[in-house]
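Asks: what follows is a predicted protein model with its sequence.
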There are 2 protein chains.
Amino acid sequence: MGRGRPRGFDRDEALDRAMRLFWTRGYQDTSIADLTEHLGIGSPSLYAAFGSKASLFCAAADRYQAADGGRPGAALAEAPTARAGVEALLRENVALFTKRGGPRGCLLTRATLSCPPSDTTVVAYLERSRRDRLAALRARLRTAEAAGEPLPSDDIDTLAQYYDAQVQGLAVRALEGATRPALLRTVDLTMAAWDALSAR
Amino acid sequence: MGRGRPRGFDRDEALDRAMRLFWTRGYQDTSIADLTEHLGIGSPSLYAAFGSKASLFCAAADRYQAADGGRPGAALAEAPTARAGVEALLRENVALFTKRGGPRGCLLTRATLSCPPSDTTVVAYLERSRRDRLAALRARLRTAEAAGEPLPSDDIDTLAQYYDAQVQGLAVRALEGATRPALLRTVDLTMAAWDALSAR
DNA sequence: CGGTTAATGTAGCGATCGACACAGAAAGGG
DNA sequence: CCCTTTCTGTGTCGATCGCTACATTAACCG
């Protein structure tokens, strides 16, 4: 153990910077030259540590989902009710998508629309992430249904896809430059709709 | 007039094919080589007719908005009520985003997330299109408000941004592979929310 | 110390990017 | 017919793409 020359940079810090770059510029528009410059390392070091641009992206996206990008999902899971969970999911996403000094929108949504289909590694990763996210939403709604909570609809699949679409819509609008208060107002509307539909 | 060697291809047909390519692959991942191949013309002909990749995209996007891509907006404007207009907007968009044999999702949304910020021509074009779309939605809601129609909220700006976000969400989900029936079910939910919020 | 192992910096690989120079081809005008 | 004008095909430009060969440096082991 510890044989050979030690790595001259912090792997996690490099991943953070890579995450930020992919988040800001998308997948395809982030070049190896961009990465080596902002990570402060040469390309051989990058390839030795991460293997390829695709696998570096996957590692950076993992880090995204484990850090800031995971907060909305965690908020959904931990909330006492499905309503509180969905509202927290939406509000945490707005916070994430419009954080001051941070890239706007969602790293994964952005990558989904900017990754060439030929890059099967990244495409498969993104599909998996998306499916997991949808499954978490569905699961939270199902347990709420089992607990007898009032829901806007008894079609859990549709509900999950509906709120997932809300999140994607927020991500796109944030990237287009929508302000945080404006996004929060649409979240208010979404939650007002939840109440109006559940009350019946 | 008519001097010089006549063009060897149909300009509008070429624009249609370019539109289809940009719609399918996004802006950045559509190369000049892809275009010359699918349009059946050499690159000098392409540049003579359209000027650059960016201006070709703008022309193709104009054609998109004048053809299929313009149907949702037209449906919104022509509907007798705001509710019918928004519902038609959403359903026409679902039809557009999931048309058999056609590219999935929205050409403009896709380009927004896959165009490098350095390409200021395309970025400016997309911003303008987006602003126009939002303005049309706002205008339709305002006339409805003036006509005394019941609306889900009296905040027209928020309403417009809300339904615009619905459309973007549908576009992303369509690109992710969501089926037309699934998208239509979420539209049903959105319209049920309209009714529930307007009734009160 | 020397020897082994691994990370680094330089430098460049083949491929592709958007865009164009150039000469030839096809039309109208005289 | 020739001249002008415009479009087309071949070939290629410099830049950049993702990626890597090679020699060097820096650590641990004995």
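Replies: Noted; the coordinates are in hand.
Asks: does the helix of greatest length in chain A reach DNA strand D?
Replies: Ordering each helix of chain A by length in residues (DSSP state H) puts helix A:120-146 first. No. If you take C-beta under 7 Å from any atom of the strand as the test, helix A:120-146 misses DNA strand D, and the best it gets is 8.9 Å. For the C-beta atoms, the positions are set from N, CA and C on the backbone; glycine is no exception.
Asks: which positions within that helix qualify as buried?
Replies: Buried residues in helix A:120-146, counted by 16 or more other C-beta atoms under 10 Å in any protein chain shown: A:122-123, A:125-126, A:129-130, A:133-134, A:136-138, A:140-142, A:144.
Asks: ok, those vs DNA strand D, which is closest?
Replies: Ranked by distance to DNA strand D (C-beta to the nearest atom of the strand), these are led by A:Val122 at 10.6 Å.
Asks: alongside DNA strand C, which residues does chain A contribute?
Replies: So chain A meets DNA strand C at A:3-9, A:41-45, A:48-49 (C-beta under 7 Å from any atom of the strand).
Asks: and the two most separated of those residues?
Replies: The most widely separated members of these, counting by C-beta to C-beta, are A:Arg3 and A:Ser43 (23.4 Å).
Asks: who's more crowded, the two?
Replies: Comparing A:Arg3 with A:Ser43 by other C-beta atoms under 10 Å in any protein chain shown, the one with more neighbours is A:Ser43, at 12 against 5.
Asks: so what's the residue nearest to that one when sequence neighbours are not counted up against?
Replies: Nearest residue to A:Ser43 in three dimensions, chain neighbours excluded: A:Thr36, at 5.1 Å (C-beta to C-beta, 6 or more residues apart in numbering or on different chains). Contact analysis of A:Thr36 by C-beta atoms under 8 Å, 6 or more residues apart in numbering or on different chains lists A:Gly42, A:Ser43, A:Leu46.
Asks: in helices, which of the residues you listed appear?
Replies: Per DSSP H, the contacts of A:Thr36 map to helices at A:Ser43, A:Leu46.
Asks: stretch A:19-31: which residues count as buried?
Replies: Buried residues in stretch A:19-31, counted by 16+ other C-beta under 10 Å: A:Met19, A:Arg20, A:Leu21, A:Phe22, A:Trp23, A:Thr24, A:Arg25, A:Gly26, A:Tyr27, A:Gln28, A:Asp29, A:Thr30.
Asks: can you check stretch A:41-49 too?
Replies: A:Ile41, A:Ser45, A:Leu46, A:Ala49.
Asks: and it, C-alpha only, in PDB?
Replies: What follows is stretch A:41-49, C-alpha atoms only, in PDB (Å, rounded to 0.1, in the frame of the first residue of the first chain):
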ATOM      1  CA  ILE A  41      -4.100  18.800 -13.400                       C
ATOM      2  CA  GLY A  42      -2.800  17.400 -16.600                       C
ATOM      3  CA  SER A  43      -4.900  15.100 -18.800                       C
ATOM      4  CA  PRO A  44      -2.800  12.000 -18.000                       C
ATOM      5  CA  SER A  45      -3.500  12.500 -14.300                       C
ATOM      6  CA  LEU A  46      -7.200  12.900 -15.100                       C
ATOM      7  CA  TYR A  47      -7.300   9.700 -17.100                       C
ATOM      8  CA  ALA A  48      -5.300   7.800 -14.600                       C
ATOM      9  CA  ALA A  49      -7.700   8.800 -11.800                       C
END
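Asks: what about the helices in chain A?
Replies: A:11-25, A:32-39, A:43-50, A:53-66, A:71-78, A:82-97, A:107-114, A:120-146, A:156-175, A:180-199.
Asks: least confident of the residues of chain A next to DNA strand C?
Replies: Minimum pLDDT across these is recorded for A:Arg3, with 84.
Asks: residues in contact with that residue?
Replies: So A:Arg3 contacts nothing (C-beta under 8 Å, 6+ apart).
Asks: so how far is chain B from it?
Replies: 42 Å (C-beta to the nearest C-beta, to the nearest Å).
Asks: DNA strand D contacts on chain A?
Replies: By C-beta under 7 Å from any atom of the strand, the residues of chain A that approach DNA strand D are A:1-6, A:28, A:30-34, A:42-44, A:46-47, A:52-54.
Asks: what's the pLDDT at A:Met1?
Replies: On the pLDDT scale, A:Met1 gets 61.
Asks: got the domain ranges for chain A?
Replies: Following automatic domain parsing, one finds the domains of chain A at A:11-52, A:67-199.
Asks: how long is the first one end to end?
Replies: One end of domain A:11-52 sits 15 Å from the other (C-alpha to C-alpha, to the nearest Å).
Asks: and what of the last one?
Replies: Taking C-alpha to C-alpha, domain A:67-199 runs 36 Å from one end to the other.
Asks: pLDDT of that domain, averaged?
Replies: In this model, domain A:67-199 has an average pLDDT of 98.
Asks: just how off-centre is that domain within its chain?
Replies: 9 Å (C-alpha atoms, centre = their mean, to the nearest Å).
Asks: can you check the shortest one too?
Replies: Per C-alpha atoms, centre = their mean, the displacement of domain A:11-52 from the mean C-alpha position of its chain is 18 Å.
Asks: just to check, A:Asp157 is in contact with A:Leu137?
Replies: No. A:Asp157 lies out of contact with A:Leu137 (C-beta atoms under 8 Å); the separation is 10.0 Å.
Asks: report the contact partners of A:Gly73.
Replies: A:Gln65, A:Leu89, A:Arg133, A:Ala136.
Asks: so the first one touches A:Ser129, yeah?
Replies: Yes. In this structure A:Gln65 lies within contact range of A:Ser129 using C-beta under 8 Å: 7.0 Å.
Asks: now do the shared contacts for these two.
Replies: A:Leu108.
Asks: out of the helices of chain A, flag the one nearest B:Pro150.
Replies: When these are ranked by proximity to B:Pro150, the top entry is helix A:180-199, at 12.8 Å, counting by C-beta to C-beta.
Asks: now do that closest one: which elements does it pack against?
Replies: In terms of contacts (3 or more C-beta pairs under 8 Å, 6 or more residues apart in numbering or on different chains; DSSP states H and E), helix A:180-199 is packed against helix A:82-97, helix A:156-175, helix B:156-175, helix B:180-199.
Asks: TSV for the ones you listed, including mean neighbour count and distance to A:Ala193?
Replies: Supplementary listing: the helices and strands packed on helix A:180-199 in TSV, determined by neighbours: other C-beta atoms under 10 Å in any protein chain shown; distance: least, C-beta to C-beta, whole Å:
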stretch	mean neighbour count	distance to A:Ala193
helix A:82-97	22	11
helix A:156-175	24	10
helix B:156-175	24	9
helix B:180-199	18	4
